[in-house]
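# After the sequence you'll find the predicted model.
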There are 2 protein chains.
Amino acid sequence: MSSNLRINGDRLWSTLMEQATIGRTEKGGLRRLALSQEDGAVRDLFCRWCEDAGLTIAIDGIGNIFATRPGTDPHAKPILMGSHLDTQIHGGRFDGILGVLGPLEVIRTLNERGITTKHPLTIVNWTNEEGARFEPPMIGSKVFCNLHAIEDALNIRDKDGIRFGDALHTIGYSGRSALSPEQCDSYFELHIEQGPELEESGLQVGIVTGAFDVRWAVVEIRGESAHSGTTRMADRRNAIVGAAAVIECVNEIGLVYASSGGRSTTARLTIEPNLLGILSHRVEALCDFRHPEKGVPQKMFESFQARLPELIARTQCDMSIIKDWQYGAVDYNADLAALSRTAADRLGYSHRDMLTVAGHDSMYIAGVMPATMIFTPCEKGISHNEAENVTLADIEPGTNVLLHAVLARDAQT
Amino acid sequence: MSSNLRINGDRLWSTLMEQATIGRTEKGGLRRLALSQEDGAVRDLFCRWCEDAGLTIAIDGIGNIFATRPGTDPHAKPILMGSHLDTQIHGGRFDGILGVLGPLEVIRTLNERGITTKHPLTIVNWTNEEGARFEPPMIGSKVFCNLHAIEDALNIRDKDGIRFGDALHTIGYSGRSALSPEQCDSYFELHIEQGPELEESGLQVGIVTGAFDVRWAVVEIRGESAHSGTTRMADRRNAIVGAAAVIECVNEIGLVYASSGGRSTTARLTIEPNLLGILSHRVEALCDFRHPEKGVPQKMFESFQARLPELIARTQCDMSIIKDWQYGAVDYNADLAALSRTAADRLGYSHRDMLTVAGHDSMYIAGVMPATMIFTPCEKGISHNEAENVTLADIEPGTNVLLHAVLARDAQT
């Protein structure tokens, strides 16, 4: 394939800007929660664009959209390119979206040039990657990979009590397609880095070879409800004070491991009753420990556990880990990464290998087929924030690498 | 009046136990939020009991209930006895309720003995004392005292967006009575102590001479939303980490002042967006500083303010006080307290003078007419908790003191 082949950057940009009108926030970000009216609207727009590009739409039972351009070899399995169109509550315009509409630009470019492929090419929009409305996140890819029963997923409820399956039905994306992982060749996910590494080192493309190891834990802090006026300091067991000790401890562990790339977070507190005039009797704190080196998050988590007795003694609250799980520590497919690396070299783009710290659908997909990710720089590494930003110059190289890596995969297998 | 006159303890207890069936929780407490269906039901029961006792019911525009037994002197102003029938979300069976149904027992005793009074006697149930559903608390007495415009109060919404005025209308307690503070003689509020002092010192009655000084502050902690995986420790401004520093600082100040009776609390956090995978960009922390000595809470608050620059520097979050107010530091009427003290002595009850640390309707009422409070012991000082408990032996002395103090007031003026 000619190394002169390039996507149409202006067309990609205008496509991205058009989708960014759906769920637009005052500050210029997006609020497009999974299975909301806005998610429905952007899915409709995406499907229309796909049909205009000659793709055939299939939708599965959890709402994942598969838009396929046929290949020339009836026995060749589809090469998948995908990510997600849903956003955080105060989300940005590119996180996930580039990985769906970048592939659309790839297809449009191939169409325009009359280039056919042996393998079908399938763009995927995974349902509810963010998990900002329905938890857990990445439920669409998880169900696709048979890691989560679809019946259970459809019964998940959002904080207003709305059932996932009902919301999916309301927006009209409850389908019956039964594409299975075994029927697919490989998976490419293009994504903004969501971190500052590429921008800071002035590089154009990230070749993602694996994912950070992540250890999650839900800590339950149990105190005692009491009147905040009449209860003497010595008699108190305010779970909010216990939670503060947990938050500071988790943060300190992140600081200890920061120099080698570690980080840890208390991201969410659920407080009961959390009312004026009352000492709270219960807090649930969702914490995570991350490190590029496999196994280190487990050590971070263990050092947190080791400090619990001291926190309990100091705050007079009971504390225990009521749920914990490991995530990430995935190795992506080395052959696919090599195709991306070669493509970047041929196209003259600066690049480096890197790990993803954020979770992505690709981390599940990597367990069921060869998978890889291509990262683009993003402004100051900001994401999950309305200020998330990229320029066309940030994303054009990565999208061209996707185009060439996919064609190379097609030629290779 | 004969010092042999006593209320009927068994009748008082059975009345208390009957009301405790409305909104009963599994753990034996009460959930009877202001203007809920349960609040409507207990009001209906209370009104029925009052009518059975020959009282005339009047309801004002904010839903306060005034149940009056006529006096013999048409020019004498009513003596009020009251408190509230609403509870916390996980509330107890006596907090507030004793101050409404104790007076009912007083009236029943007078009826039974054929004792008339010169002044009308009026039992009051103040609307929404707890503030657990609609904020601020004590809104019924505040409106009565012209400290809060009724139009504004009726427009307050609960967390589900339900308007105060609509909820009041739904339970049928939106009235038109226009009893004004100037038309009243005095106010007596009987209440469980909600603290451990009486029980620990083995005393039967608390003569409440004033209220703790309380300094409230709402602290806004501003960080920056970002991905909890991709954001390096050094680049973070997690408002949850800022909040932890505030919580610990507020708690430390309480400990510094604990030996002289001071206490301080972070009671409620409002966190945005408080989601898995995100550093939060904003937390609002509601804090209070309390001390028996007037002016000390202001010093506690100032020492908190003085520490803010250090907390800001340490957590990289911005922090500011966005709202603060003073409350309490009320002196109750000395003449009424003397009547209670004399009654306790005559009846042979052990007693001491004390301050209230909790907020009560009486604190507003004390600004518009002579007011006093009578405290009873309660188990371990626990309140705002389903485990809140008293025995008949705990509350009978205080209720008898109320009876005799009210009769003494009637005889005196």
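Looks like it came in fine. Residues are numbered from 1 along each chain as shown, chains lettered A, B, ... in the order given.

# Show me which residues of stretch A:144-152 are buried.
Judged by neighbour count (16 or more other CB atoms under 10 Å in any protein chain shown), stretch A:144-152 contains these buried residues: A:Phe144, A:Cys145, A:His148, A:Ile150. (Each C-beta comes from the backbone N, C-alpha and C, glycine too.)

# Could you report the pLDDT at A:Tyr327?
We have a pLDDT of 86 for A:Tyr327.

# next one: phi and psi at it?
phi -150, psi 150 (degrees, to the nearest 10).

# can you pull the contacts of the most centrally placed residue in chain A?
With distances taken as CA atoms, centre = their mean, A:His360 lies nearest the centre of chain A, 3.7 Å away. Taking CB atoms under 8 Å, 6 or more residues apart in numbering or on different chains, we find A:His360 in contact with A:Ser83, A:Glu129, A:Met138, A:Glu189, A:His191, A:Ala211, A:Met373.

# tell me the two of the buried residues of stretch A:144-152 that are most distant?
A:Cys145 and A:Ile150 (11.5 Å; CB to CB).

# The closest residue to A:Asn238 other than its chain neighbours pairs with what?
In space, A:Asn238 comes closest to A:Leu279 once its chain neighbours are excluded; the distance is 4.1 Å by CB to CB, 6 or more residues apart in numbering or on different chains. The bridge-partner assignment for A:Leu279, based on DSSP bridges, gives A:Ala226.

# From the centre of chain A, give me the residue that's furthest out.
Largest centre distance within chain A, by CA atoms, centre = their mean: A:Thr230, 46.9 Å.

# Nearest residue to that residue in space, please, no chain neighbours.
Nearest to A:Thr230 is B:Gly195, by CB to CB, 6+ apart, at 3.8 Å.

# can you check A:Glu129 too?
A:His84 (3.5 Å).

# same check, this time on A:Glu105
Counting by CB to CB, 6+ apart, A:Glu105 lies nearest to A:Leu12, which is 4.2 Å off, once chain neighbours are set aside.

# and the one you found, helix, strand or coil?
At A:Leu12 the chain is in helix, as set by DSSP: H, G, I helix; E, B strand; the rest coil.

# shouldn't it be in contact with A:Pro397?
No: applying CB atoms under 8 Å as the test, A:Leu12 and A:Pro397 come out as separate, 11.8 Å apart.

# can you give me the strands in chain A?
Taking DSSP state E as the criterion, chain A carries its strands at A:56-59, A:65-69, A:79-83, A:121-125, A:186-192, A:205-211, A:213-222, A:226-227, A:263-272, A:278-279, A:282-291, A:318-328, A:351-356, A:371-376.

# CSV for those, including mean neighbour count?
CSV is the format used below for the strands of chain A (neighbours: other CB atoms under 10 Å in any protein chain shown):
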stretch, mean neighbour count
strand A:56-59, 17
strand A:65-69, 24
strand A:79-83, 28
strand A:121-125, 27
strand A:186-192, 29
strand A:205-211, 24
strand A:213-222, 22
strand A:226-227, 26
strand A:263-272, 24
strand A:278-279, 27
strand A:282-291, 24
strand A:318-328, 15
strand A:351-356, 20
strand A:371-376, 28
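
# quick one: A:Asp158 and A:Asn400, what's the gap?
38 Å (CB to CB, to the nearest Å).

# Comparing those two, which shows the higher neighbour count?
Neighbours around A:Asp158 and A:Asn400, counted as other CB atoms under 10 Å in any protein chain shown, are more numerous at A:Asn400. The numbers are 27 against 17.

# what's across from A:Ala376 in the sheet?
Careful, residue A:376 is Thr; it's not Ala. A:Ile192.

# what's the spacing between it and chain B?
Distance, A:Thr376 to chain B, using CB to the nearest CB, to the nearest Å: 13 Å.

# And A:Arg48, how far from A:Gln326?
Distance from A:Arg48 to A:Gln326, by CB to CB: 40 Å.

# Same check on A:Ser201?
From A:Ser201 over to A:Gln326 (counting by CB to CB), the distance is 29 Å.

# Could you check how many residues crowd around A:Asn251?
A:Asn251: 23 neighbours (other CB under 10 Å).

# Quick one: the helices in chain A, in order.
Assigned by DSSP state H, the helices in chain A fall at A:9-19, A:37-52, A:98-113, A:139-144, A:150-154, A:164-170, A:197-201, A:239-257, A:296-315, A:334-347, A:361-365, A:392-412.

# Could I get these in CSV, plus columns for mean pLDDT and distance to B:Glu310?
Output for the helices of chain A, formatted as CSV (pLDDT from 0 to 100; distance: least, CB to CB, whole Å):
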stretch, mean pLDDT, distance to B:Glu310
helix A:9-19, 98, 44
helix A:37-52, 98, 43
helix A:98-113, 98, 42
helix A:139-144, 97, 43
helix A:150-154, 97, 47
helix A:164-170, 97, 46
helix A:197-201, 94, 30
helix A:239-257, 98, 14
helix A:296-315, 98, 20
helix A:334-347, 97, 47
helix A:361-365, 96, 40
helix A:392-412, 97, 39
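
# give the contact list for the nearest residue to A:Gly295 once chain neighbours are set aside.
In space, A:Gly295 comes closest to A:Asp213 once its chain neighbours are excluded; the distance is 6.7 Å by CB to CB, 6+ apart. With contact set as CB under 8 Å, 6+ apart, A:Asp213 has these partners: A:Arg290, A:His291, A:Pro292, A:Glu293, A:Lys294, A:Gly295, A:Val296, A:Pro297, A:Gln298, A:Gln326, A:Gly328, A:Ala329.

# For the last one, list the residues it contacts.
Think A:Ala329. A:Ala329 sits next to A:Gly210, A:Ala211, A:Phe212, A:Asp213, A:Val214, A:Lys294 when contact means CB under 8 Å, 6+ apart.

# now swap in the third one and tell me
Residues in contact with A:Pro292, defined by CB under 8 Å, 6+ apart, are A:Phe212, A:Asp213, A:Ser260, A:Gly261, A:Gly262, A:Leu355, A:Val357.

# ok, now the fifth one?
Neighbour list for A:Lys294: A:Asp213, A:Ala329 [criterion: CB under 8 Å, 6+ apart].

# per-residue pLDDT, it?
92.

# What separation do you get for it and A:Ala329?
Taking CB to CB as the measure, A:Lys294 falls 5 Å from A:Ala329.

# related to what we said a few turns ago, can you lay out the contacts of A:Pro292 as CSV showing pLDDT and distance to A:Ala337?
CSV is the format used below for the contacts of A:Pro292 (pLDDT from 0 to 100; distance: CB to CB, whole Å):
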residue, pLDDT, distance to A:Ala337
A:Phe212, 92, 16
A:Asp213, 93, 19
A:Ser260, 96, 23
A:Gly261, 94, 20
A:Gly262, 96, 24
A:Leu355, 94, 12
A:Val357, 88, 17
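
# and the closest residue to A:Gly61 other than its chain neighbours, what does it touch?
Leaving aside its chain neighbours, A:Gly61 sits nearest to A:Ile150 (5.4 Å; criterion: CB to CB, 6+ apart). Applying CB under 8 Å, 6+ apart, one finds that A:Ile150 lies in contact with A:Gly61, A:Ile62, A:Val143.

# Pull the number of nearby residues for the residue lying closest to the second one once chain neighbours are set aside.
In space, not counting the residues next to it along the chain, A:Ile62 is nearest to A:Val143; the distance is 4.4 Å by CB to CB, 6+ apart. Here the count is done by other CB under 10 Å, and A:Val143 has 25 residues near it.

# next one: the one 10 residues further on
When neighbours are counted by other CB under 10 Å, A:Ala153 registers 22.
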